[in-house]
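Undergrad: Here's a sequence, model it:
(chains A, B, C and D)
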2 protein chains.
Amino acid sequence: MIERPDAPKAAPAGSGARSLRRAVAMLTLIHRRGRPQSLAEMAQALSIPKSTAYDLLNAMLHEGLLTPADGTRFALGHRLHELGAGYRAQVDILREGARIVRALRDETGETVQLSAMEGPLMHVLMKEEGFRAVRIISNTGSRVPVNWAAAGRLLVSDLDDEGLRRILTSTVAPSPTGLAETDVDRLMDQIRAARAAGYAMEIGETNQHAGCVAAPVLDDDNKVIAALSLAAPEQRLNSPDRMILVTAARRAAADLGAALSACRNGQVTRR
Amino acid sequence: MIERPDAPKAAPAGSGARSLRRAVAMLTLIHRRGRPQSLAEMAQALSIPKSTAYDLLNAMLHEGLLTPADGTRFALGHRLHELGAGYRAQVDILREGARIVRALRDETGETVQLSAMEGPLMHVLMKEEGFRAVRIISNTGSRVPVNWAAAGRLLVSDLDDEGLRRILTSTVAPSPTGLAETDVDRLMDQIRAARAAGYAMEIGETNQHAGCVAAPVLDDDNKVIAALSLAAPEQRLNSPDRMILVTAARRAAADLGAALSACRNGQVTRR
DNA sequence: CCCGATTTTCCGGGATTTCGGAATTGCATC
DNA sequence: GATGCAATTCCGAAATCCCGGAAAATCGGG
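TA: This is a model prediction of the structure:
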């Protein structure tokens, strides 16, 4: 197989199973829009002919991937819950993480997220809403550039200068508020500093009047495998309370690291 | 295509999107077997030609439905976790239930399950393992006949005699231990009694040396919408402790019912 | 280094899905 | 009951995917 020199990566897009790809596109669309969608909306958004979309729709209903919501709209189906639970059961960090994320939320009352790297982006593995309603942009499953969050600083902090610079230059983007740091050199300084400090903090970079503190989850070799972050209203992060949050996050992250280490010494893990 | 006159209703099974159906079959297979599967295993188990299976496999890897596990085996992928979380966010009972299931597990130390009806079978919506290792057959997502578990007795207890008899005759089956009641008339008596008592109990019917107690989650009209069940070793269910478990389960179920009722009066719900 | 077993890729005909448009149904309004 | 609009079904032709088999790559030994 001859590779075009200017397109070194294969063009994976077009490989077979079109209906499969379109099906997950429909599911993802419903998920992203956050509410049930009618068939017409989906067909239009994804440029799928309506008659074809009906075939897919029926198949997905039949498989439990979709469920009729109201009259003419459809929502994600129970089979997805089932398979999602299966994924979670395979992965230690999600099993153990659920417990610790919730405990940290209960302890601090703030919104807690657990994140890890997925490719070049930060991936939000799970989220528990705090008692006060601090609206956070990222939901479970969303992927964002590392410069948008304090957790992102920590997640990439094991890379050497060269690899770090490559990831940053290719993924850094302005945040919704426009306040996130986008200068690669300054980011690298912040990342090194955060790693040395053992935590990271950010205020207002992605959400108005809110910010977060993050702590790294380390494996046996002190590599960062995930990050716990606490999202809180701006004033709490500027108050002396701040260090309470930092301490709570660091302790929870250390607990999670220890739990995972224990897992690994007795059980099967992935990756 | 010629329709057999004696099959007037369409046979919805075979409708289009073959690759989609096969894809979920592969995912379900991995989930059921509980560990990563090689392509050869899946192709063989599902009678899919190997060359076709490769196409599906690549598409699924590309979509994040599958993830390479070890060398030649594949596990469920992160996209499933993402979509599963999306499903959960839509459904009140899963959001609220997670909290209460975990609390009940922590309070009693036993394995807790939350179930609801899905068609004619009992569907295990979520499970938290107890501290002692009581092995339970059913995992999150599995569906079993209602006569296999105490929770099943409660879930169908709103049906009238006719509907109840129909479901029972069509789904009742011997349990793994062979000890579950399979006589429809006796089952109906047990179901009516359990509903009147406000809880149900079973020992050894599906798991050796273990049993469970279950309590109904009721909506505003006192209809059963789900059931919480506690699985415990046989001796604990025969001891005076038993009533502690029953009481804990009933209280937790009532809490969940109240939480859902509160949800409904302010938020959007499905169904 | 060669051999055998397994995994992965490749290929051309044939089966199925897909597509666009039109026909039909369903529903609410007039 | 008539009418307009959207949802759903139906259809044949065309495009695509799927299949079986066979070749190539990969991996472990001997």
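Undergrad: For chain A, which residues are neighbours of DNA strand C?
TA: A:Met1, A:Arg18, A:Ser19, A:Arg22, A:Ile48, A:Pro49, A:Lys50, A:Ser51, A:Thr52, A:Asp55, A:Leu56 (CB under 7 Å from any atom of the strand). Using the backbone N, CA and C atoms, a C-beta is placed for each residue, glycine as well.
Undergrad: try 6 Å this time
TA: When proximity is defined as CB under 6 Å from any atom of the strand, chain A approaches DNA strand C at A:Met1, A:Arg18, A:Ser19, A:Ile48, A:Pro49, A:Ser51, A:Thr52, A:Asp55.
Undergrad: quick one, helices of the stretch 51-200 of chain A?
TA: A:78-90, A:92-108, A:150-155, A:161-171, A:184-197 (DSSP state H, counting those that start in this stretch).
Undergrad: just those helices: most buried one?
TA: Among those, the stretch with the highest mean neighbour count (mean count of other CB atoms under 10 Å in any protein chain shown) is helix A:150-155, at a mean of 28.
Undergrad: Does that helix reach chain B?
TA: No - Helix A:150-155 is not in contact with chain B by CB under 8 Å from any CB of the partner chain; minimum separation 15.3 Å.
Undergrad: tell me what that helix is packed against?
TA: Judged by 3 or more CB pairs under 8 Å, 6 or more residues apart in numbering or on different chains; DSSP states H and E, helix A:150-155 is in contact with strand A:111-118, strand A:121-128, helix A:184-197, strand A:200-203, strand A:210-218, strand A:224-233.
Undergrad: quick check: domain ranges of chain A?
TA: A:18-82, A:91-264 (automatic domain parsing).
Undergrad: Sketch out the low-pLDDT regions of chain A for me.
TA: Along chain A, the parts satisfying pLDDT under 70 run over A:1-15, A:133-135, A:137, A:264-271.
Undergrad: coming back round to it: make TSV from the domains of chain A and add distance to DNA strand D to it.
TA: Below are the domains of chain A laid out as TSV (distance: least, CB to the nearest atom of the strand, whole Å):
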stretch	distance to DNA strand D
domain A:18-82	4
domain A:91-264	22
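Undergrad: Among those domains, which comes closest to B:Glu41?
TA: Closest approach to B:Glu41 among the domains of chain A is made by domain A:18-82 (19.9 Å; CB to CB).
Undergrad: so how far is that closest one off the chain centroid?
TA: 23 Å (CA atoms, centre = their mean, to the nearest Å).
Undergrad: re earlier: save the helices and strands packed on helix A:150-155 as JSON lines, and put in distance to chain B too.
TA: Listed next are these as JSON lines, based on distance: least, CB to the nearest CB, whole Å:
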{"stretch": "strand A:111-118", "distance to chain B": "7"}
{"stretch": "strand A:121-128", "distance to chain B": "7"}
{"stretch": "helix A:184-197", "distance to chain B": "24"}
{"stretch": "strand A:200-203", "distance to chain B": "24"}
{"stretch": "strand A:210-218", "distance to chain B": "17"}
{"stretch": "strand A:224-233", "distance to chain B": "13"}
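Undergrad: Output these as TSV; include the columns distance to B:Ala98.
TA: Listed next are those as TSV, based on distance: least, CB to CB, whole Å:
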stretch	distance to B:Ala98
strand A:111-118	14
strand A:121-128	10
helix A:184-197	32
strand A:200-203	29
strand A:210-218	22
strand A:224-233	19
